[in-house]
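Here's my sequence, what's the structure:
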Amino acid sequence: MNFRRSECTPSWTDGSPAPCTGFPGEMALSAEQIQAIADAVASWRLQECIFIAFYCFYFYYIVTTLDEEVSVILPQRWNRGKTLYMIIRYGLLVVISLQLSRDYKNYFSISPGGCKALYFLHDVTYRVVVFICNFSLALCLSALLRAKFIYCVAIVFLSCALPTVSAILNLMLIIQYPAQPISALDVELGYPCYAPSADEWAEHTPGFLYTGRDIRAYLNLVFTTLLALLGVVAFVLRYRGQGGGLVRVITRDGGMHYLFQLALKLSSAILLTPKLVPPSSLHSSPAYLVLSRWDTIRRVASGTR
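Below you'll find the model as predicted:
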């Protein structure tokens, strides 16, 4: 998923290219066109600043927990748990590095083919990290419920099925979209790679890849609501009858991270429903940007505890 210049609506009425799709070159710009460019660039800067803030927070988290990793994790033998831990913890650092290289103002010179490769690698890495986080969340919920194997499989399905389908379709979109040179405006601003709008994605990729997108959004809301309800049931069963304050007990056992993660996951699912925020303007919504980045950071931080 591209979070910069990806949802920009043309606002010029004279037929000139919109800021996100081109640049009028040597033509004299009207006051309306200059204002449209200024508004678009300001929107991009806002998105970038939101992301940078959360990326800095994650770097801070990594640095301040290195002592725990060195003393607790590194001495252990390599197994599935340690492998998942390392992928979750450092996979997001790879995602951040790839996005800073491709989607931020850095004046790099990258070929269209290189931009497409970076886009694909970024999305693959991001989806793998998110899948492992969802899988870990499902296993934690199953353990709290002491679920039998068949119910554990059902919980994993609720947590991972739709994100996996969306990941596959999104990767197919990236593969199908032709690599393109960047616009003159992006060159002037220092961006190294193209960032298609929603209309450009639809124009250059097969229509069947968008089939059922709204249905998947509502199914995601249903599945996430079920997971949230199961989470509440799990904590009622686990902590019923225990002495001490409930908040203190939940915090001591790491349950607060789990509950907060479920709340963020449910909030994201609600925000992704088409009736609430139109898909054409979703990724330029500051609320969505803040929630999506915080959701990702929180998943990783919770998954490595």
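
Measure how far stretch 64-80 is from the centre of its chain, please.
26 Å (C-alpha atoms, centre = their mean, to the nearest Å).

do stretch 143-152 as well
Centroid separation between stretch 143-152 and its chain, computed with C-alpha atoms, centre = their mean, is 28 Å.

Over to it now: how far is its first residue from its last?
8 Å (C-alpha to C-alpha, to the nearest Å).

per-residue confidence averaged over it?
For stretch 143-152, mean pLDDT is 84.

What strand or helix carries the closest residue in space to Tyr210 that isn't next to it in sequence?
Once flanking residues are discounted, Tyr210 sits nearest to Ala202: 7.0 Å by C-beta to C-beta, 6 or more residues apart in numbering. Every residue, glycine included, has its C-beta placed from N, CA and C. Assigned by DSSP states H and E, Ala202 belongs to helix 198-204.

Likewise for Ser101?
Under the criterion of DSSP H and E, Ser101 resides in helix 80-103.

And that helix, what does it pack against?
If you count contacts as 3 or more C-beta pairs under 8 Å, 6 or more residues apart in numbering; DSSP states H and E, helix 80-103 packs onto helix 31-64, helix 112-145, helix 286-303.

By mean pLDDT, show me the worst of these.
helix 286-303 (a mean of 58).

Now stretch 105-115: buried residues?
Ile110, Gly114, Cys115 (16 or more other C-beta atoms under 10 Å).

quick revisit: take the helices and strands packed on helix 80-103 and lay them out in TSV including distance to Val94.
Shown next, in TSV, are the helices and strands packed on helix 80-103 (distance: least, C-beta to C-beta, whole Å):
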stretch	distance to Val94
helix 31-64	12
helix 112-145	5
helix 286-303	12
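
Out of those, which is closest to Tyr85?
Evaluated with C-beta to C-beta, the helices and strands packed on helix 80-103 place helix 286-303 nearest to Tyr85, the distance being 7.8 Å.

Which parts of the stretch 151-300 of the chain are helices?
For the stretch 151-300 of the chain, applying DSSP state H, counting those that start in this stretch gives helices covering 184-189, 198-204, 213-239, 246-252, 255-271, 279-282, 286-303.

Going by mean pLDDT, which of these comes out lowest?
Note on the helices of the stretch 151-300 of the chain: helix 246-252 shows the lowest mean pLDDT, a mean of 49.

what angle do the helix holding Ser101 and helix 31-64 make?
Per axes from the mean of the first three to the mean of the last three C-alpha atoms, to 10 degrees, the angle that helix 80-103 makes with helix 31-64 is 150 degrees.

Just want the angle from helix 80-103 to helix 112-145.
Inter-element angle recorded for helix 80-103 and helix 112-145: 150 degrees (by the same axes, to 10 degrees).

Give me the distance from stretch 87-96 to the chain's centre.
Counting by C-alpha atoms, centre = their mean, stretch 87-96 comes out at 12 Å from the chain centroid.

Sort out which residues of that stretch are buried, please.
Ile87, Ile88, Arg89, Gly91, Leu92, Leu93, Val94, Val95, Ile96.

how about these, which pair is most distant?
Ile87 and Ile96 (14.6 Å).

Counting neighbours, what do you get for Tyr217?
To be clear, residue 217 is Ala; Tyr isn't right here. Number of residues near Ala217 (other C-beta atoms under 10 Å) recorded here: 20.

and Leu162, what is it in contact with?
Arg216, Leu219, Asn220, Phe223 (C-beta atoms under 8 Å, 6 or more residues apart in numbering).
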